[in-house]
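[1] Quick one, structure for this:
(one chain, ligands or ions: 1)
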Amino acid sequence: MNFNFYMPSRVIFGKGSLNNLHKQKFPGKKALIVAEVFMKEIGYLKRLEEQLDKADISYILFDKIVPNPIKEHVMEGADIVKKEKCDFIIGMGGGSSIDSAKSIAIMSTNEGDFWDYMTRGTGKKKAIPNDPIPVIAVSTTSGTGTEADPWMVITNGKEKVGFGYDKTFPYLSIVDPELMKSIPPKLTAYQGFDALFHSAEGYINKIANEMSDLFALKSIELIGKSLAKAVANGEDEEARENVAMASTLAGIVQSVSDCTAEHSIEHGLSAYYPKLEHGAGLIAISREYYTLLAESHDCDEKMINMAKILGKKDASKPMDFVNALVELQKACGVDNIKLSDYGVKREDLPAIAQNSKFTSGLYETDPHDFSDEDILRILEKSYK
Ligand SMILES: [Zn+2]
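    Numbering: from 1, shown residues only. So this is what the prediction gives:
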């Protein structure tokens, strides 16, 4: 039994928790709010601003963030922080906003370009001289887990790179399942599967440990129990709560263990096709990814365990997990995602496979020893 557990974020979880944000201790007097374009329309920004007014915190809004967030917006946000002398950042939304908030926090106190500090792809791998300013995460989706991990994923040209270190955990995270009622069914399913894969990949990971397994197995159980219900009825409070909990637990899994090649391959895809939602990309390749693991017998016992937790009580072989996964995808209406619908071209697949290997370090902790052919085979078999 060995583990290295570090998860320094204060996470406030529960229905209505946004309403109590004003009672928290803030890391300064002036905030930059980082949000997606549509956040104003759904009324959540107004609720956040009311909380900040009550707490006597001044703020500036930067709501340009796009679904696969880009480096240009990181640099633009950091310029505002420097010019306006903001003390901290609030990322409100899904992974895009919160990951952007973390990245802006780094560039708020450091010179040069964000890619100077990236450790993958064409990143210059420079050490980060100054600590980032604090980040408060207000999650409005259930999937990324970024509220409970140090990771951020930013795209620069065709490179989609994950980054994070001890200083980029949120200072405070608000996870209020009530905010998730507005997520439409399709996105609920995409995000829920993202959370499921964070936990599944963290569980089968080479660096998985007793501590990460606790969070991973509970998270998989909650998704199995409640995701299809949350997709069928977005107002189902218990289901929303369970899926939100699963997502936050999966964030802790990513802090203590790691993701695997499934995430690397998806990042390769959505770097080329930014309209492809991360969760949809993962679902599209998941069947072939886990089939390869099952056929290679890389982690039989763990796959059987996950199948049992997802409801296949009599599971006895690794393919039972693949079958359980596909059944859940059917129950959520997302079992037939076509990459071609997102404009993915079959002839681009070799370049996507190469790009994925170049920009991701997650192959190193995958239970399978991935060859370039394996990556391409998963992409080709998943292509519809
Ligand atoms: Zn993910």
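
[2] what about G162, which SS state?
    strand (DSSP: H, G, I helix; E, B strand; the rest coil).

[3] whoops, Q254 was the one
    helix.

[4] Nearest spatial neighbour of the residue most central in space within the chain, chain-adjacent residues omitted?
    In the chain, the centroid-proximal residue (CA atoms, centre = their mean) is T144; its distance is 2.6 Å. Closest residue to T144 apart from its sequence neighbours, by CB to CB, 6 or more residues apart in numbering: G95 at 3.2 Å. Placement of C-beta: from N, CA and C, glycine included.

[5] From Y273, how far off is the one you found?
    For G95, the distance to Y273 equals 17 Å [CB to CB, to the nearest Å].

[6] one step back: so who does the residue nearest to T144 touch?
    Residues near G95 by CB atoms under 8 Å, 6 or more residues apart in numbering: 141, 143-144, 146, 153, 278.

[7] where exactly do the helices run in this protein?
    44-54, 71-84, 95-107, 185-204, 210-232, 237-256, 261-272, 278-296, 300-309, 319-331, 349-359, 372-382 (DSSP state H).

[8] most packed of those helices?
    helix 95-107 (a mean of 29; mean count of other CB atoms under 10 Å).

[9] can you give me how far it is from the chain middle?
    13 Å (CA atoms, centre = their mean, to the nearest Å).

[10] ok, now stretch 151-171?
    Relative to its chain's centre, stretch 151-171 lies at 10 Å (CA atoms, centre = their mean).

[11] what mean pLDDT does that stretch have?
    Here stretch 151-171 scores 96 as its mean pLDDT.

[12] do stretch 330-349 as well
    What stretch 330-349 shows for mean pLDDT is 97.

[13] buried set for that stretch?
    For stretch 330-349, burial by neighbour count (16 or more other CB atoms under 10 Å) applies to 331-332, 334, 337, 339, 342, 344, 348-349.

[14] Out of those residues, flag the one nearest to T248.
    T248 lies nearest to C332 out of these, by CB to CB, at 19.9 Å.

[15] roughly how far apart are that closest one and A280?
    Using CB to CB, C332 is found at 12 Å from A280.

[16] Read off the pLDDT value for the residue nearest to T144.
    Value for G95, per-residue pLDDT: 94.

[17] ditto for the one 4 residues further on
    The confidence metric pLDDT takes the value 98 at D99.

[18] That one and W151 touch, don't they?
    Yes: in this structure, D99 is within contact of W151 by CB atoms under 8 Å, at 7.4 Å.

[19] Quick check: phi and psi at L310.
    Dihedral angles of L310 (phi, psi; degrees, to the nearest 10) stand at phi -80, psi 0.
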